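A.B. asks: Need coordinates for the following:
(chains A and B, ligands or ions: 1)
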Amino acid sequence: MTSSTPNADISGAGKPRVGLFVTCLVDMFRPTVGFSAVKLLEEAGCEVDVPMDQTCCGQPAFNSGDKASAKKVARPLIDMFADYDYVVAPSGSCAGMIKKHFPELFADEPAMLDQVNALSAKTHELVSFLTDVMKIDAVAASFEGKVTYHDSCSGLRELGVKQQPRKLLNSVQGLEISELSEPESCCGFGGTFCVKYPEISGKMVGEKTDDIKSTGAKTLLAGDMGCLMNMAGKLAREGSDIEVRHVAEVLADMTMEAAPIAGKKGEQAS
Amino acid sequence: MNVSTSPKFKENVHGALRDESLQRALGRLKTGFRDKRLAAINNLPEFEALRDQACDIKNHTLENLDHYLLKFEENVKANGGHVHWCADAAEARETVLRICRDKDAKSVLKGKSMISEEIGLNDFLEKEDLKVVETDLGEYIIQLRHEPPSHIIAPAIHVHKEQVADSFRETHKGRDPNRSLAEPRELLDEAREVMREHFFAADIGITGANFLIAETGTSVIVTNEGNGDLTQTLSRVHIAIASLEKVVPTLEDASSILRVLARSATGQEMSSYTTFSTGPRREDDLDGPQEYHVILLDNGRSNMLGTEFQDMLRCIRCAACMNHCPVYGAVGGHAYGWVYPGPMGSVLTPSLIGVDEAGHLPNASTFCGKCEEVCPMRIPLPKMMRHWREREFEKHLSPASMRFGIKAWAFLASRPRLYRTATGLAAKVMNKMAGGRGRLAKLPLAGGWTQIRDLPAPQGQNGKTFKELWAEKQAQKARGSK
Ligand code: SF4
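C.D. replies: Purely as a prediction, here's the structure:
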């Protein structure tokens, strides 16, 4: 991993201490993404810790209009991550929830304001943290073949994650990016949306998988497990052999550690 | 008021997704609107600054709405016009009817007006034996088809030219039955001919208004067909119907907002016609109506002031949000079940007809944020849809299964140890069910997911969670360093 100009914040004494917010989907469905994040952060010069009492950011409740439940789930995180220099999540959606929506969620509790704003300020999505804060511009990884990259909505529009993953992917040996014709259009996941309105979601993800197939890429990458599971599940249902992975697995050179999301294709699901 | 089918949103969606002709039409959104908008704003470096300016103008006006409305009324009156304040749809319809009766009117010409759709004006006037003719081509087409608009600036976007030709043959009697109507130009020419007869026979001309200008008492409409001008100048009486939030302080303000409106809507720098109407015909005017009326409609807007929905009143009806919305793009406008579709409708409709009626609309969004990104007035549409979900939750309108699910999940997620055990167990069960294939085609309670796609199973052979594996590693490390 190479870094062009070390960040002013971190050039002082000691390594920056990062609290990893694993996210509930990575925790349960894709541990390799968590380990990839740890590896990338450590190689970038961070000291990484995983608070074991973390569960979820509260977004499912927040987006369902249940603010009380959202607060119940979100509140413990504020203390849990208070002592770290940074909070990093391998997800634009969960990082966006903490960074953009926690201040909104706790707006009616002025006593919480300082703490919540402090948490918001130091929370980042993994890949953009590596490039924008740790000033990393290349990784030591190799991955053979053509990949395509889907811009997950929250990362893209709430946090401005767009060029950062492409920049790092371009440094991966053997990897070539073949862009989607509509990389920024929503995949139809939308949290509970995809089960509340399966027909609309199905139409959206179907358009997305058509686009993916037409790139000629063998692998689909993105930065959010929700979108990835949606697209991987649809590609599998369609019998496609395109493999789906979280971008961190490729950047951390850990693709050998796990089969692609939704498994190797070409056999029926059970 | 117009009857809504919003409660049947899911059925509407089911039908829309299977309607091939609709799906073909929706495919044109990209080239028709999105690409053109992008090209237009890329050509205007100060576009972002103009957006800010437009927002500031509207925010300032909304904070002082009573002041500017009164000023507008005062200036309309000073020019010899009339202003009618209408609290709701019924009052607005009655007011229009009264003006028609006073003038002994038989026929009414309409310029395109969403407010008239909102109050169900055409049906009402027709029931009162008035002949109503829409003069905007799109509106005319859907009038012939007895349909509501499916888009706020392209009301007939769901209709193909072959279908238009069919409607014309059916309605325009006394013409050569073998005439060609295959080309858009031929359709246009025929519509124009038919329309011309109506223009000269009209008693009353009704238009909407894109802006009401307080300092001059002027109503402004923008069109691409020029039909609006004819509607309001050739009729004996011009009635402009507008909702309260259309007012802006000055001419200057209107022109600032116009600079973002057409670009956001159709990608034009300006619409072909921008028409300013100030009062009735003056003595030395060559044309113009003898009377000028403005219907100022509230119909729920004032209830939005001072609430979390106030920002919605900045909307200038450019339609950029629906042109870019993946949900609108999948199902079209009629599925939304009432007058305003797309993201702006998902926020506005619950305000106007009640969230119990329109509850699906703010829920049917992935919160992808594209609408907010393109909205020239920087309206935080996803955030306001979320506010509607909050209201629904408070009112216990959201489905019981969902409420229970969220509560149960929150119970678990706020108890870390229990959560670890439960997720660890669930991961292992799913992993086992997948039997090494990495995915599940079916899972109890996950029908909404598996109807469309497989469910990726938790990774690996054993389905251990990250936290379990992390704890194991930390323990190993600790042993190793001893
Ligand atoms: S909400 Fe914004 S984008 Fe949508 S119609 Fe209104 S002004 Fe245009």
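
A.B. asks: any idea how far the ligand is from the closest residue to B:S365 other than its chain neighbours?
C.D. replies: In space, not counting the residues next to it along the chain, B:S365 is nearest to B:M385; the distance is 5.3 Å by C-beta to C-beta, 6 or more residues apart in numbering or on different chains. Glycine gets a C-beta too; all of them are placed from N, C-alpha and C. From B:M385 across to the ligand, the span is 12 Å (C-beta to the nearest ligand atom, to the nearest Å).

A.B. asks: Ok, B:T278 next?
C.D. replies: Applying C-beta to the nearest ligand atom, the value for B:T278 to the ligand is 25 Å.

A.B. asks: show me what contacts that residue?
C.D. replies: B:79, B:216-218 (C-beta atoms under 8 Å, 6 or more residues apart in numbering or on different chains).

A.B. asks: mind listing what B:L181 touches?
C.D. replies: By C-beta under 8 Å, 6+ apart, the contact list for B:L181 reads B:164-165, B:168-169, B:187, B:190.

A.B. asks: B:D285 belongs to a strand, doesn't it?
C.D. replies: No: secondary structure of B:D285 (DSSP: H, G, I helix; E, B strand; the rest coil): coil, not part of a strand.

A.B. asks: How about the contacts made by it?
C.D. replies: Contacts of B:D285 by C-beta under 8 Å, 6+ apart: none found.

A.B. asks: which phi and psi does it have?
C.D. replies: With angles defined as degrees, to the nearest 10, B:D285 sits at phi -70, psi 150.

A.B. asks: re the thing from before, widest-spaced pair of the contacts of B:L181?
C.D. replies: Using C-beta to C-beta, the contacts of B:L181 span at most 10.8 Å, a distance reached by B:R169 and B:L187.

A.B. asks: if you count what's nearby, which of these two comes out ahead?
C.D. replies: It is B:L187, of B:R169 and B:L187, that has more neighbours when counted by other C-beta atoms under 10 Å in any protein chain shown, with 18 against 14.

A.B. asks: per-residue confidence averaged over the helix or strand where that one lies?
C.D. replies: Using DSSP states H and E, B:L187 sits within helix B:184-201. What helix B:184-201 shows for mean pLDDT is 89.

A.B. asks: With respect to the ligand, which of the contacts of B:L181 is nearest?
C.D. replies: Nearest to the ligand among the contacts of B:L181 is B:V164, at 25.3 Å by C-beta to the nearest ligand atom.

A.B. asks: any idea how far the residue in chain A that the ligand sits nearest to lies from B:S401?
C.D. replies: Nearest residue of chain A to the ligand: A:R157, at 14.8 Å (C-beta to the nearest ligand atom). As judged by C-beta to C-beta, to the nearest Å, A:R157 and B:S401 stand 30 Å apart.

A.B. asks: Those two: which is more packed in?
C.D. replies: A side-by-side neighbour count of A:R157 and B:S401, using other C-beta under 10 Å, places A:R157 first with 23 against 9.

A.B. asks: Backbone torsions only: list them for the closest residue to the more buried one other than its chain neighbours.
C.D. replies: Of all residues not flanking A:R157 in the chain, B:G369 sits nearest, at 3.9 Å (C-beta to C-beta, 6+ apart). Here is the backbone geometry of B:G369 (degrees, to the nearest 10): phi 90, psi 0.

A.B. asks: Residue 21: what's its closest spatial neighbour, skipping adjacent residues?
C.D. replies: You didn't say which chain, so I picked chain A. A:A89 is the one closest to A:F21 (C-beta to C-beta, 6+ apart), at 4.1 Å.

A.B. asks: The chain in question should be chain B.
C.D. replies: Using C-beta to C-beta, 6+ apart and skipping the chain neighbours, the partner closest in space to B:S21 is B:H160 (6.0 Å).

A.B. asks: check contacts around the one you found.
C.D. replies: Contacts for B:H160 (C-beta under 8 Å, 6+ apart) come out as B:21, B:24-25.

A.B. asks: helix or strand for the closest residue to A:C46 other than its chain neighbours, which one?
C.D. replies: Leaving aside its sequence neighbours, A:C46 sits nearest to A:V18 (C-beta to C-beta, 6+ apart; 4.4 Å). Using DSSP H and E, A:V18 maps to strand A:17-20.

A.B. asks: per-residue confidence averaged over that strand?
C.D. replies: For strand A:17-20, the per-residue pLDDT averages 98.

A.B. asks: quick one: contacts of stretch B:182-191?
C.D. replies: Stretch B:182-191 is contacted by residues B:137, B:140, B:161, B:164-165, B:168, B:172, B:175, B:179-181 when judged by C-beta under 8 Å, 6+ apart.

A.B. asks: try it again with 6 Å
C.D. replies: Here stretch B:182-191 makes contact (C-beta atoms under 6 Å, 6 or more residues apart in numbering or on different chains) with B:137, B:161, B:164, B:168, B:180-181.

A.B. asks: Alpha carbons only: can I get that stretch in CSV?
C.D. replies: Below are the C-alpha coordinates for stretch B:182-191, written out as CSV (Å, rounded to 0.1, in the frame of the first residue of the first chain):
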residue,chain,number,x,y,z
ALA,B,182,-48.9,7.9,-38.9
GLU,B,183,-46.5,10.8,-38.4
PRO,B,184,-46.4,13.1,-35.4
ARG,B,185,-46.5,16.0,-37.8
GLU,B,186,-49.8,14.8,-39.2
LEU,B,187,-51.3,14.4,-35.7
LEU,B,188,-50.1,17.8,-34.7
ASP,B,189,-51.6,19.4,-37.8
GLU,B,190,-55.0,17.8,-37.3
ALA,B,191,-55.0,18.7,-33.6
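
A.B. asks: so how far is it off the chain centroid?
C.D. replies: Taking C-alpha atoms, centre = their mean, to the nearest Å, one finds stretch B:182-191 lying 28 Å from the centre of the chain it belongs to.

A.B. asks: Kindly indicate whether B:V13 is helix, strand or coil.
C.D. replies: Looking at B:V13 with three-state DSSP, the answer is helix.

A.B. asks: What is the burial count for it?
C.D. replies: 22.

A.B. asks: Who are the contact partners of it?
C.D. replies: Applying C-beta under 6 Å, 6+ apart to B:V13 gives the contacts A:199-200, B:331, B:335.

A.B. asks: ok, now with 8 Å
C.D. replies: Neighbour list for B:V13: A:197, A:199-200, B:331, B:335, B:364 [criterion: C-beta under 8 Å, 6+ apart].

A.B. asks: likewise B:R439?
C.D. replies: Applying C-beta under 8 Å, 6+ apart to B:R439 gives the contacts A:232-233, A:236, A:262-263, A:269-270, B:454-457.

A.B. asks: Check the contacts of B:T278 against the ligand and report the nearest one.
C.D. replies: Looking across the contacts of B:T278 and measuring by C-beta to the nearest ligand atom, the closest to the ligand is B:T218, at 21.1 Å.

A.B. asks: Pull up the residues of the stretch 1-150 of chain A that are close to chain B.
C.D. replies: Residues of the stretch 1-150 of chain A that fall close to chain B, judged by C-beta under 8 Å from any C-beta of the partner chain: A:22, A:24, A:26-35, A:50, A:52-56, A:58, A:60-67, A:69-70, A:72-73, A:76, A:104.
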